[in-house]
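K.L.:
Predicted coordinates and the sequence they were generated for:
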Amino acid sequence: MKRETIAISDEGVIVAPRDLGAVRMSVGEIAALLGVYYPTAKRHIRAIERAGIADGDYSMCCVADGHGVHPEFYGLEMVAAVAFRVRSWQANSFRQWLVERITASGAVKSAPAIFLSYGAGVVVN
């Protein structure tokens, strides 16, 4: 399987492959993309894994340390999760790009209106 990465230029332009499902990035690559230090990215990745929000790619090579076995590469799900946890201009640009890509693809559909009734005849839209 070919491994793809996402990059961001100094001007904030996101360079991503067409097939986002093929994105596999190391902790160092995620840190460089989001403009944070390696230990910061690693700490957030471990917290996301512990919370069960996202996981790495165990089908590729893994690293064993004193705390267990961790994947060496992570997919777009982990990159997005870390981007929403850190604060940098690169992470902000990536979040904006991600939201624009999701909404432009038609993945987000408008939900029907939900009406709730509280008490005697009060309707909230």
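P.N.:
Good, I have the coordinates.

K.L.:
quick one: low-confidence parts of the chain?
P.N.:
Across the chain, the ranges flagged by pLDDT under 70 are 1, 58-60, 105-125.

K.L.:
in it, which spans are strands?
P.N.:
Using DSSP state E, the strands of the chain run over residues 7-8, 14-15, 62-65, 68-71, 116-118, 122-124.

K.L.:
which residues make contact with the fourth one from outside it?
P.N.:
When you say that, I think you mean strand 68-71. Contact with strand 68-71 is made by 46, 49, 55-58, 60-64, as judged by C-beta atoms under 8 Å, 6 or more residues apart in numbering. For every residue, glycine as well, the C-beta is placed using N, CA and C.

K.L.:
Now stretch 75-87: buried residues?
P.N.:
For stretch 75-87, the neighbour count (16 or more other C-beta atoms under 10 Å) marks 75-76, 78-83, 85-86 as buried.

K.L.:
same deal with stretch 50-59?
P.N.:
Applying a neighbour-count criterion of 16+ other C-beta under 10 Å, one finds 54, 56-57 buried in stretch 50-59.
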